[in-house]
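Undergrad: can't give you the sequence, but here's the structure:
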């Protein structure tokens, strides 16, 4: 256990250190969610005038939850880019040789993803509050929203870790990013699900991100819905992705 | 090797300085187009991504048409302009990265030792981007038709739409070329890309300007030329023949092309002088 923890701590420290000292890595992960917040909450606020759109805290809060969870997911995705870069540069191979407990590598990268998201999540939240976001949920509910974000970050980080370890090249960037991007945008991003029509409504209905998004919006509004479903979906996702990441690690081990 | 062959294909007169500007430009453009078309892997993402967003947002935001004063009942008719501009922005990166690669590899310096004129090098380097712009415009229009988009301006409008979107793509490609000459590194060009996307989203891309509620956002969208590029294309789809929108669309696209080409000439001289 000590060896596992020391590997995890070392990899996590390196991951967050590289993020913080390199603006080229840090800035995009901060800019993108802020940009989405501005574009969606600012540019589309009139959408809340659509008949049957009901969300008491307002459209900025409605969009904040999406951007908050998206930044969590992309915290994991960007960490995956870093892992792929480590394989391309040869660092990951040396890491595999040196680590006494290799599963600690996965843990370290996921902790790094969480720390990275701690930065972007804080900035996005402050920006939304400055932009006039209303928060109707109580302390416990907000902790619940934070928990959803942490779980989302974990699932995305494990996915990204798995893909990066299977492919071991930076060229897998699109493969890491696109499925996450699609899952997020195939949820009710701009309007509640009851206002979606045609195929997007059917897809959103079976998309697990929908439950997470609805739960997050409910918690921020102080009227929780589907919280248990959302956490169950994320827990299931984390379990499957942990297995996937572990197999990715095994694949990298076999490749040497 | 096709690269070298393409330049070798330049008429013999070019080496003696006898080839005209058009011939020189076409020779460089041919090489650029061949190289672009060979990078199929890199072409798919810029082609597919705008269509994905069009498909998803076209459905997700369809309730926006219920906002009083929305100009059409079909959100896809409104949104179809977006892939054209997004695609053009991808073209700018492709053009910029290709030129940056020529700078980094020293190819541009070797080209400068030939009697090729600067203008031919500049415009010809965008040949690949031009081909890409044409392919994208046709694909986006066909996908639009396939998903039920109808052009109020008819067949003539479709041709004008293609012309405008190709001009826009060429303008953005020229911007990519200018950035490459200024920055000299493909990585730096890639880093600029998110900024281009910001200009797209801070425009009338998702809602008409008069329906944007947030004042500062509406003001930015009004001063943002990208809004007028979008509205030029959009007018042909949902309004018909709107002279003002078309004049602004073609005007801004032409201005982008002319300004970036003019700025590229001293940048090219400066880049070659540094080498």
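TA: Here it is on my side, so go on. Since the structure is predicted, the reported quantities are computational estimates derived from the model, not experimental observations.
Undergrad: which bits of the stretch 151-275 of chain B sit near chain A?
TA: B:191, B:194, B:197-198, B:201-202, B:206-207, B:211-214, B:216-217, B:221 (C-beta under 8 Å from any C-beta of the partner chain). (Each C-beta comes from the backbone N, C-alpha and C, glycine too.)
Undergrad: quick check on the residues you listed: which are buried?
TA: Among those, those classed as buried by 16 or more other C-beta atoms under 10 Å in any protein chain shown are B:198, B:201, B:202, B:206, B:207, B:211, B:212, B:213, B:214, B:217, B:221.
Undergrad: from the residues of the stretch 151-275 of chain B next to chain A, which one has the minimum pLDDT?
TA: Minimum pLDDT for these is recorded at residue B:191 (67).
Undergrad: what helix or strand is whatever residue of the stretch 1-150 of chain B ends up closest to chain A on?
TA: Across the stretch 1-150 of chain B, the shortest distance to chain A (C-beta to the nearest C-beta) belongs to residue B:59, at 3.6 Å. When elements are defined using DSSP states H and E, residue B:59 is found to belong to helix B:40-60.
Undergrad: averaged pLDDT, that helix. What do you get?
TA: 84.
Undergrad: for residue B:69, which non-adjacent residue is spatially closest?
TA: Spatial nearest neighbour of residue B:69, excluding adjacent residues (C-beta to C-beta, 6 or more residues apart in numbering or on different chains): residue B:211 at 6.1 Å.
Undergrad: list the contacts of the one you found.
TA: A:46, B:67, B:69, B:70 (C-beta atoms under 8 Å, 6 or more residues apart in numbering or on different chains).
Undergrad: so the third one, which state does it fall into?
TA: In other words, residue B:69. coil (DSSP: H, G, I helix; E, B strand; the rest coil).
Undergrad: residue ranges with poor pLDDT in the stretch 1-150 of chain B?
TA: Within the stretch 1-150 of chain B, the ranges that satisfy pLDDT under 70 run B:1-19, B:40-42.
Undergrad: helices along that one, start to end?
TA: Taking DSSP state H, counting those that start in this stretch as the test, the helices found in the stretch 1-150 of chain B are B:2-8, B:12-15, B:21-38, B:40-60, B:75-79, B:81-105, B:107-112, B:118-124, B:127-146.
Undergrad: likewise for chain A?
TA: Taking DSSP state H, the helices of chain A run over residues A:2-21, A:23-37, A:43, A:59-89, A:91-98, A:103-130, A:139-167, A:173-185, A:198-206, A:208-221, A:227-255.
Undergrad: hang on, residue B:203 packs against residue B:219?
TA: No. Residue B:203 sits out of contact with residue B:219 when judged by C-beta atoms under 8 Å, with a separation of 11.8 Å.
Undergrad: in the stretch 51-200 of chain A, what residue lies closest to chain B?
TA: Closest residue of the stretch 51-200 of chain A to chain B, C-beta to the nearest C-beta: residue A:200 (3.6 Å).
Undergrad: neighbour count winner among residue B:203 and residue B:219?
TA: The neighbour count for residue B:203 versus residue B:219, taken as other C-beta atoms under 10 Å in any protein chain shown, is higher for residue B:203 (27 against 12).
Undergrad: contacts only, for that one.
TA: Residue B:203 sits next to B:221, B:224, B:226, B:227, B:230 when contact means C-beta under 8 Å, 6+ apart.
Undergrad: inside helices: which ones of the residues you listed?
TA: Going by DSSP H, the helices hold B:221, B:226, B:227, B:230 from those.
Undergrad: where in chain A is the helix or strand with the lowest mean pLDDT?
TA: Here the helix or strand of chain A ranked lowest by mean pLDDT, DSSP states H and E is helix A:23-37, holding a mean of 82.
Undergrad: quick one: list the elements packing against that helix.
TA: Here helix A:23-37 touches helix A:2-21, helix A:59-89, helix A:103-130, helix B:186-201, going by 3 or more C-beta pairs under 8 Å, 6 or more residues apart in numbering or on different chains; DSSP states H and E.
Undergrad: distance from the last one to the middle of the chain?
TA: Translated: helix B:186-201. Mean-position distance between helix B:186-201 and its chain equals 13 Å (C-alpha atoms, centre = their mean, to the nearest Å).
Undergrad: what's that helix in contact with?
TA: A:24, A:28, A:31-32, A:35, A:38-39, A:43, B:82, B:85-86, B:89, B:92-93, B:96-97, B:100-101, B:104, B:172, B:176, B:179-180, B:183, B:224, B:226.
Undergrad: filter these down to the buried ones, ChimeraX style.
TA: To isolate the buried ones among the contacts of helix B:186-201 in ChimeraX, judged by 16+ other C-beta under 10 Å, type:
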select /A:28,32,35,38,39,43 /B:82,85,86,89,92,93,96,97,100,101,172,176,179,180,183,224,226
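Undergrad: if we can go back for a sec, any of the contacts of residue B:211 buried? List them.
TA: A:46, B:67, B:70.
Undergrad: what sits against the second one?
TA: With contact taken as C-beta under 8 Å, 6+ apart, residue B:67 is in contact with A:46, A:47, A:49, A:50, B:207, B:211.
Undergrad: I figured residue A:73 hits residue A:153, correct?
TA: Yes. Counting by C-beta under 8 Å, residue A:73 sits close enough to residue A:153 to count as a contact (6.9 Å).
Undergrad: out of the two, which sits in the busier spot?
TA: Using other C-beta under 10 Å, the more surrounded residue of residue A:73 and residue A:153 is residue A:153, with 29 against 26.
Undergrad: ok, now how distant is the more buried one from residue A:219?
TA: As judged by C-beta to C-beta, to the nearest Å, residue A:153 and residue A:219 stand 17 Å apart.
Undergrad: confidence score at the residue sitting nearest the centre point of chain A?
TA: Nearest to the mean C-alpha position of chain A, by C-alpha atoms, centre = their mean, lies residue A:73 at 1.3 Å. Listed pLDDT for residue A:73 reads 95.
Undergrad: now it: closest residue in space, sequence neighbours ignored.
TA: residue A:156 (4.1 Å).
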